[in-house]
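Q: Got a predicted structure here, sequence first:
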Amino acid sequence: MRVGDVNGEPSIVEDASRFAAVIYPSHWRRPPLIADVRLRWAISLGVVLYLVVGIGAVEVNWGRLSEGWERGLRFLGGFAQPDFVSRWDDIREGLLESLTMTLTATVVGVMISIPVGIGAARNIATSPVYLACRALIALSRSLQEIIVAILFVAMVGFGPLAGFLTLAFATIGFLAKLLAEDIEDIDAAQVEAIRATGAGWWQVLDYGIRSQVTPRLIGLSLYRLDINFRESAVIGIVGAGGVGATLNTALDRYEYDSAAAILILIIAIVLVTEYVSGWVRARVQ
Amino acid sequence: MLRLESLTKRYRTGDLALSAVSLEIPAGQVVGLIGPSGAGKSTLIRCVNRLVEPTSGRIWLGDLEVTRLGRGGLRRARRRMGMIFQEYALVERLTVMENLLSGRLGYVSFWRSLARRFPPDDIRNAFRLLDRVGLMEHADKRADALSGGQRQRVGIARALAQDPDILLVDEPTASLDPKTSRQIMRLLREVCAEQGLAAIVNIHDVVLAQQFMIRIVGLRAGVVVYDGPPDGLTPEVLTEIYGEEDWTGTGEQTDVDRSAPPGLPDTDELVGAL
Amino acid sequence: MAIRQTPEGPIWRKRTGLASVALWCGWLALVLLFVVAWEAMTRNQIWAFVWDAPEQAADLIDRMVPPRWSYMDQLWAPLWDTINIATLGTLMAILLAVPVAFMAARNTTPSVLFVRPVAIFIIVASRSVNALIWALLLVAILGPGLLAGIIAIALRSIGFIGKLLYEAIEEIDPRQVEAVRATGAGPAQVLDFGIVPQIMPAFAGITLFRWDINIRESTVLGLVGAGGIGLQLKASVDGLAWPQVTLIFIVILATVILSEWVSARVRAALT
């Protein structure tokens, strides 16, 4: 009987004895990620060179650093004993500004984002509208909040209104883009079915599309509320109101215990909004 | 070779998966483990190398009591037990050769394995096994580039690379088509015969089990209800294992296949050939 | 959904009476909240500034164009610094975030009870504070310069990379890990052969994505003194040198678009 021959069917391997005769390689290397040897070396060399030059460019002032070490410890001490009291009026004012501009900017931003998002969906908008809406979205996305804030402060002056405008503008880029993508991804069959009943453009929008994208729109709006609060803590640095300005002042005055109190409040509010918006999103979707 | 003494496993959920299972498997014997889903087949196999910790009972691998081993001892014992999985369980993003060499992990140091610098003998043996399962030209391919049957062959080769005394095989054909399933079962039988390996093979397909196994153990709700030759699987026995069903077709096919008894190659002769 | 009985016969409504009342109350509360917030926010607003905003804007645009192209000579060095801040900051974040991620993932953490909460806390704290605020703190502590920027970027990125990476680790296929364990491999070997290959694509994608975001963020870190092109931006804004501001905006925009393109290309090549 032939080796490995079970039930008379031919085996995968005819003759096991041939394995004894073959000499197998005793060396194996994993195939490299980049096949071309020269390219591989060039890239490795480039990376090493960059690290040397890049790290070399970082000037470290050791004297300043040892001084900083002491300040860092004082700052950590501030965290251990945050001072909510002595600057409480400033802190309350800053937080109130942050919260109010977060809320108003999100509401207004969402209201503008809905038509812009619909206009930026390729499957329902006409070509000129599509291009205009997409251009607005691209503009809003490529400009960072802080840069927009600088411009708005220059236009309407210091204060939370500039912050409100900044956040509302940033909300459009975020929300309208995701809304447009959602509308482009909807189930075409459902829209088809509504259209087949003889519904007009607005009716199709209401029955075929709104029902499909609303839960996600609510979820995204809440998520943006979250992001807007975080951003509102930052844009105060350039004068657009909010708790960021308070923090900046506290640090300028070396009041680390007040600064720590502000940071703790920011983190706490971020956690609460994140938790609440996560909870609501889970219920809506 | 392998001895289980009243092995019991109760999961934290309270489910009793194995209830006092005692089994003895002599060296070189290939045992098919059949039973309905949830009968405890997978748990039994995973208890043997303690991927699942048994609740009570003992496991002996030769003179070694596996159930009493510490971490290091368990790792050394696992080297002697090659495992083959239902969904192949290859590391998909590693090359075929790396998957094969991973069978040697219990033998080499961490730094050697990290640098992928395995001893020359291990590599030579890995190539031999790769050739044995017919995948020589696929050594540098990534595992996820292979077909199901090819992946299972890599899985077998990985288990063999451990240089084991026993194979623990968990539903090797469940994800394969009938033809590939037969090829894989035959390959398993061949390699067990060539190297004198014992094996426990969990298998869903009764016909396949009858064709390729010399001993069948039937498990139902964690209890051994049958232990004997394949032709003892009468409709009554199958009803005992799986529950009420018309088993007559299964029995007839068994008779046809059994008329040419599975050629069990002479083990000594083969070992000599290797 | 509800059917209401009226003298004219049953009327179908989408919601029951109570549900629609609740919904109305919700909307009403939102509107009220908005009005109250708006009032509070604009209490100290001097509206005269707002009414002439269009003129201000026109005036601003007038002063901003044309950009002062010759200023470019002074921007190359800060631009190089900006890229260094982003890249070195990302590298530093990787070194710190990878262990944190492994400690935070349920299936690799040494202890669900003690180590995991600490790792999760690190991730949450890092994520809730914007890079610019980290920079503000670090400049106060370390003094102005690249180092503060690099550390600020790193501190913010730990949370981002750590969170996405630990989620990727929790999603790996446990059977592949089990198979490696069954060969008798030690814990470090299981990590090397069973887990790392599975998370490599996610890891590469996450870090490149974060690098791209970091380029964007590092362009403005200079506003608080943490080095890079933002320093020039601040100097120009403070000195009302608007043509220079325009040029800096253009450079920032180009850098951001370029880095986005590079990161998208490399990510596509890797997967």
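A: Cool, the structure landed.
Q: tell me the secondary structure for residue 101?
A: Going with chain A. Put simply, A:Met101 is helix when judged by DSSP: H, G, I helix; E, B strand; the rest coil.
Q: Tell me which residues touch it, please.
A: For A:Met101, the contacting residues are A:160, A:163-164, A:167, A:232, A:241-242, C:41, by Cβ atoms under 8 Å, 6 or more residues apart in numbering or on different chains. All C-beta spots, glycine's among them, are computed from the backbone N, C-alpha and C.
Q: any idea of the pLDDT on the closest residue to chain C within chain B?
A: Nearest residue of chain B to chain C, counting by Cβ to the nearest Cβ: B:Gly106, 2.7 Å away. For B:Gly106, the pLDDT comes out at 90.
Q: Kindly report the same for the one 5 residues further on.
A: The confidence metric pLDDT takes the value 91 at B:Trp111.
Q: what do you get for A:Asp15?
A: Reported pLDDT for A:Asp15: 51.
Q: just C:Arg13 next, same as before
A: Listed pLDDT for C:Arg13 reads 69.
Q: next one: C:Trp47
A: 74.
Q: which residues sit in contact with it?
A: C:Trp47 makes contact with no residue under the criterion Cβ under 8 Å, 6+ apart.
Q: which parts of the stretch 1-150 of chain A sit against chain C?
A: Neighbours of chain C within the stretch 1-150 of chain A, by Cβ under 8 Å from any Cβ of the partner chain: A:50, A:54-55, A:57-61, A:64-65, A:67-68, A:71-72, A:75, A:96-97, A:99-101, A:103-104, A:107, A:142-144, A:146-147, A:150.
Q: among these, which ones are buried?
A: Among the residues of the stretch 1-150 of chain A next to chain C, those classed as buried by neighbour count (16 or more other Cβ atoms under 10 Å in any protein chain shown) are A:54, A:58, A:68, A:72, A:75, A:96-97, A:99-101, A:103-104, A:107, A:143-144, A:146-147, A:150.
Q: Any idea how far stretch A:269-285 is from the middle of the chain?
A: Its chain's C-alpha centre lies 16 Å from the corresponding centre of stretch A:269-285 when counted by Cα atoms, centre = their mean, to the nearest Å.
Q: That stretch vs chain C: in contact?
A: Yes: using Cβ under 8 Å from any Cβ, we find that stretch A:269-285 touches chain C at A:270-271, A:274.
Q: which parts of that stretch are buried?
A: A:269-270, A:273-274, A:277, A:281.
Q: so where's the stretch 151-285 of chain A uncertain?
A: A:285 (pLDDT under 70).
Q: Mind checking what secondary structure the residue in it positioned nearest to chain B has?
A: Using Cβ to the nearest Cβ, the closest approach of the stretch 151-285 of chain A to chain B is made by A:Ala282 at 26.3 Å. Following three-state DSSP, A:Ala282 is assigned to helix.
Q: Now C:Gly205. Nearest residue, chain neighbours left out?
A: Computed as Cβ to Cβ, 6 or more residues apart in numbering or on different chains, the closest residue to C:Gly205 that is not its neighbour in sequence is C:Arg267, at 5.3 Å.
Q: same check, this time on C:Leu208
A: C:Ser263 (4.5 Å).
Q: any idea which element the one you found lies in?
A: helix C:242-270 (DSSP states H and E).
Q: Check which helices and strands that helix is in contact with.
A: helix A:127-142, helix A:145-156, helix C:53-64, helix C:76-104, helix C:196-218, helix C:229-238 (3 or more Cβ pairs under 8 Å, 6 or more residues apart in numbering or on different chains; DSSP states H and E).
Q: Packing partners of the first one?
A: So the one you mean is helix A:127-142. By 3+ Cβ pairs under 8 Å, 6+ apart, helix A:127-142 packs against helix A:88-119, helix A:160-185, helix C:242-270.
Q: Give the buried residues for the helix or strand following the shortest one.
A: On the C-terminal side of helix A:160-185, the nearest following helix or strand under DSSP H and E is helix A:188-196. Of all the residues in helix A:188-196, those buried under the rule 16+ other Cβ under 10 Å are A:191, A:194-195.
Q: contacting residues around the helix or strand following helix A:188-196?
A: On the C-terminal side of helix A:188-196, the closest following helix or strand by DSSP H and E is helix A:201-203. With Cβ under 8 Å, 6+ apart as the test, helix A:201-203 has contacts from A:Ile194.
Q: Buried residues in helix A:201-203, which are they?
A: Under 16+ other Cβ under 10 Å, helix A:201-203 has no buried positions.
Q: Of all the residues in the next helix or strand along the chain from that helix, which ones are buried?
A: Sequence order places helix A:211-235 as the next helix or strand after helix A:201-203, per DSSP H and E. For helix A:211-235, the neighbour count (16+ other Cβ under 10 Å) marks A:212-213, A:216-235 as buried.
Q: do stretch B:66-75 as well
A: Applying 16+ other Cβ under 10 Å to stretch B:66-75 flags B:66-67, B:69, B:75 as buried.
Q: cool, and stretch B:53-69?
A: Using 16+ other Cβ under 10 Å as the burial criterion, the residues of stretch B:53-69 that qualify are B:54, B:57, B:59-61, B:66-67, B:69.
Q: for that stretch, what is the average pLDDT?
A: 91.
Q: Test my guess that the residue nearest to C:Gly205 contacts C:Ile206.
A: No: taking contacts as Cβ atoms under 8 Å, C:Arg267 lies outside contact range of C:Ile206: 9.7 Å.
Q: For the helix or strand containing C:Val36, name the packing helices and strands.
A: Using DSSP H and E, C:Val36 maps to helix C:17-41. Using 3+ Cβ pairs under 8 Å, 6+ apart, the elements in contact with helix C:17-41 are helix A:88-119, helix A:160-185.
Q: switch the cut-off to 6 Å
A: Here helix C:17-41 touches helix A:88-119, going by 3 or more Cβ pairs under 6 Å, 6 or more residues apart in numbering or on different chains; DSSP states H and E.
Q: quick one on the thing from earlier: more neighbours: which of C:Arg267 and C:Ile206?
A: Between C:Arg267 and C:Ile206, counted using other Cβ atoms under 10 Å in any protein chain shown, C:Ile206 has the larger neighbour count: 24 against 17.
Q: Next up, the contacts around the more buried one.
A: The contact partners of C:Ile206, by Cβ atoms under 6 Å, 6 or more residues apart in numbering or on different chains, come to C:161, C:164-165.
Q: Let's see that with 10 Å instead.
A: C:94, C:97, C:101, C:157, C:160-165, C:167-168, C:199, C:267 (Cβ atoms under 10 Å, 6 or more residues apart in numbering or on different chains).
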